[in-house]
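Trainee: Just the structure for this:
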Amino acid sequence: MPADITGTNVFDLQQNTFHLHPGPVFTSFLLADEINRAPAKTQSALLQAMQERRVTIDRETHQLASDFTVFATQNPLEYEGTYPLPEAQKDRFMLKIIMLPPNRDDELLLARRSLGPDSPQDVLERGEVRQVLQPGDILKLRAGLEQITLRDELLSYAVDLVRRTREDASILVGAGPRATQSLLLAGRCSAALAGRDFVTPDDLRAMAHPVLCHRLILRPEFEIEGLTPTEAIGKILETLPVPR
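Mentor: All right, here's what the predicted structure looks like:
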């Protein structure tokens, strides 16, 4: 991912004016492969884009697409030549999803496909991946989430859950208000995927780990003992009363 992802202003000698030469950030879905290899300048440039869907270049602000979304991967094993993501940037990612190795059947299918013309690389090169959504469809789906009912007691439960991360003895830095917003939105998404028009406590509990874990910093003495953010969130979920 290049450092100048936002783009540059290029001077036009004929018209005596500057014109924006847009960078890769001017898109709908931005895939940042191994984002922890991007230098600090690039990661800093993403902060405004991820929060406001706008970028400022030479003091001029430009609007990004209304469906602008950043998807990033991160190699959890290899740290040579990497840069740690600042807390402010991690907080702007709604979810962190741990990708486990495929089960045996899926891995066997992938191995079989790699021997013939249906390998993932060949399918991409032949252009067989087809668009299934238009930008307008995404906006309609997003608006539809606002129609999913979220009761006041569940709103309070989400707030209390996030606040507990700031009060737990094992957590040095807990999640902030942006995490609450992400948890509520994730709960609505979970309900929609389940075909319901209302959020349940199970929706919020199921989304607690992917929403909260990457936002926490554990106290060193607990981390040395082997505690993980997943276990810390699990302990909070066990002790926090669930609304009925």
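Trainee: ok, the residue nearest to the spatial centre of the chain - contacts?
Mentor: Centroid-nearest residue in the chain: Phe93, 3.5 Å away (criterion: Cα atoms, centre = their mean). Going by Cβ atoms under 8 Å, 6 or more residues apart in numbering, Phe93 touches 50, 70, 72, 214. To be clear about C-beta, it is placed using only N, CA and C from the backbone, and glycine gets the same treatment.
Trainee: for Leu110, same thing?
Mentor: Contacts here follow Cβ under 8 Å, 6+ apart; on that basis Leu110 touches 102, 120.
Trainee: Make sure I have this right: it is in a strand.
Mentor: No: counting by DSSP: H, G, I helix; E, B strand; the rest coil, Leu110 is not found in a strand; it is helix.
Trainee: Look up how far Pro241 lies from it.
Mentor: Separation of Leu110 from Pro241 (Cβ to Cβ, to the nearest Å): 44 Å.
Trainee: and if you look at Glu153?
Mentor: Glu153 sits 10 Å away from Pro241, taking Cβ to Cβ as the criterion.
Trainee: Compare these two and say which is more crowded by neighbours.
Mentor: Neighbour count, other Cβ atoms under 10 Å: between Glu153 and Pro241, Glu153 has more, with 11 against 7.
Trainee: can you map out the strands along the protein?
Mentor: 7-12, 17-22, 29-32, 54-57, 60-63, 69-72, 171-173, 217-218 (DSSP state E).
Trainee: Quick check: which ranges of the chain have low pLDDT?
Mentor: By pLDDT under 70, the low-scoring segments of the chain are 1-21, 77-79, 81.
Trainee: where do the helices sit along this structure?
Mentor: Taking DSSP state H as the test, the helices found in the chain are 40-52, 87-90, 104-113, 120-125, 135-145, 152-165, 177-193, 201-212, 220-224, 229-239.
Trainee: buried sites along the last one?
Mentor: Within helix 229-239, the residues that qualify as buried by neighbour count (16 or more other Cβ atoms under 10 Å) are 229, 232-233, 236-237.
Trainee: If I take that helix and helix 152-165, what angle do their directions form?
Mentor: Helix 229-239 and helix 152-165 meet at an angle of 130 degrees, taking axes from the mean of the first three to the mean of the last three Cα atoms, to 10 degrees as the criterion.
Trainee: by how many degrees do helix 229-239 and helix 201-212 diverge?
Mentor: Relative orientation of helix 229-239 versus helix 201-212 (the same axes, to 10 degrees): 150 degrees.
Trainee: tally of neighbours for Leu216?
Mentor: Leu216: 22 neighbours (other Cβ under 10 Å).
Trainee: hmm, back to that, now the contacts of Phe93 in CSV, with distance to Glu221 and neighbour count?
Mentor: Formatted as CSV, the contacts of Phe93 follow (distance: Cβ to Cβ, whole Å; neighbours: other Cβ atoms under 10 Å):
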residue, distance to Glu221, neighbour count
Met50, 33, 21
Val70, 34, 18
Ala72, 31, 20
His214, 21, 20
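Trainee: Show me which residues of stretch 24-38 are buried.
Mentor: For stretch 24-38, by 16+ other Cβ under 10 Å, it's 25-27, 30, 32, 35-38.
Trainee: Endpoints of that stretch, how far apart?
Mentor: Stretch 24-38 has an end-to-end distance of 14 Å (Cα to Cα, to the nearest Å).
Trainee: Domain map for the protein?
Mentor: For the chain, automatic domain parsing gives the domain ranges 7-93, 135-239.
Trainee: Excluding residues flanking it in the chain, which one is nearest Thr165?
Mentor: The shortest distance from Thr165 to any non-neighbouring residue, by Cβ to Cβ, 6 or more residues apart in numbering, is to Gly174 (3.4 Å).
Trainee: isn't that neighbour right up against Glu167?
Mentor: Yes: Gly174 lies in contact with Glu167 (Cβ atoms under 8 Å); the separation is 7.3 Å.
Trainee: All set, thanks.
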